[in-house]
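# my questions concern the predicted model and sequence given below.
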Amino acid sequence: GSFYEPHDDFFSAEGKGSRRYHPLAGSNRMATLLLSLSHMESDTAGGQTFFPFAQTIENISEIPGSHDAAHMSSPACNFPSGAQARGGLMVRPKRGEALLWYSQLPSGELDRRTRHGGCPVSEGVKYSANVWVWNRRVVYASGGTDQVEDED
C-alpha cells in the first residue's frame with residue numbers, strides 16, 4: 001500500500017537540490033499539522049505515522065491508537081527500503097484528528113527528532129492533508145530561487 005519513507009519536513013544545509021536550506025534566506029518549515037481525513041479501523045491496517053526518534057512516555061499505550069514502536073505488541077511498520085519501526089512513536093490515523101509537531105527548537109535550531117514516515121497501508125485507504133507553518137514569509141522568484149522580503 002501507500003507509504004512515506006521516514007523524512008524531515010524542514011530543509012537542512014546538508015540537503016540536495018530543492019531540499020537544501022539557505023540559512024541567509026532565513027525561511028524554513030517551523031511546524032507541521034497533519035490532518036487525518038480517513039480512519040484506519042485497526043492497527044493491522046497500517047497507515048500509522050511513525051516518529052523513529054521520538055521519546056515515548058511510560059503510559060503511551062493508554063492513548064488510543066498510540067504505540068511505543070519498540071514494544072513487542074506494537075504493529076509492524078516495514079518500509080520497502082528495508083527501514084523498520086524499532087523504536088519511537090507510532091500513531092494510528094483517526095478521521096477528524098490531527099498531529100502537530102515543531103521542526104525547529106525555540107532557538108531556531110532544526111529538531112531532527114521530528115523525522116517521520118507513513119507506515120504502508122495494508123487495509124483500506126488513508127487520506128491526510130499537511131499544513132506547513134513557515135518561520136518567515138517566502139517569496140518565490142522566477143527561475144526557482146527563493147527570495148525573502150525584508151521585514152522593515
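Looks like it came in fine. Numbers count the residues shown, from 1 in each chain.
# run through the chain and note the low-pLDDT ranges.
Counting by pLDDT under 70, the chain contains low-confidence residues at 1, 13-26, 59-62, 67-68, 70-74, 82-86, 138-152.
# strands along that one, start to end?
4-7, 29-36, 49-51, 66-68, 89-91, 98-102, 116-118, 128-134, 139-140, 146-147 (DSSP state E).
# okay, those in CSV with mean neighbour count next?
No exception for glycine: its C-beta is placed from N, CA and C like everyone else's. As requested, the strands of the chain are exported to CSV (neighbours: other C-beta atoms under 10 Å):
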stretch, mean neighbour count
strand 4-7, 13
strand 29-36, 18
strand 49-51, 24
strand 66-68, 20
strand 89-91, 24
strand 98-102, 14
strand 116-118, 23
strand 128-134, 12
strand 139-140, 9
strand 146-147, 12
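# make a markdown table from these and add distance to Asn78 to it.
Shown next, in a markdown table, are the strands of the chain (distance: least, C-beta to C-beta, whole Å):
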| stretch | distance to Asn78 |
| --- | --- |
| strand 4-7 | 11 |
| strand 29-36 | 21 |
| strand 49-51 | 11 |
| strand 66-68 | 15 |
| strand 89-91 | 12 |
| strand 98-102 | 21 |
| strand 116-118 | 11 |
| strand 128-134 | 20 |
| strand 139-140 | 37 |
| strand 146-147 | 36 |
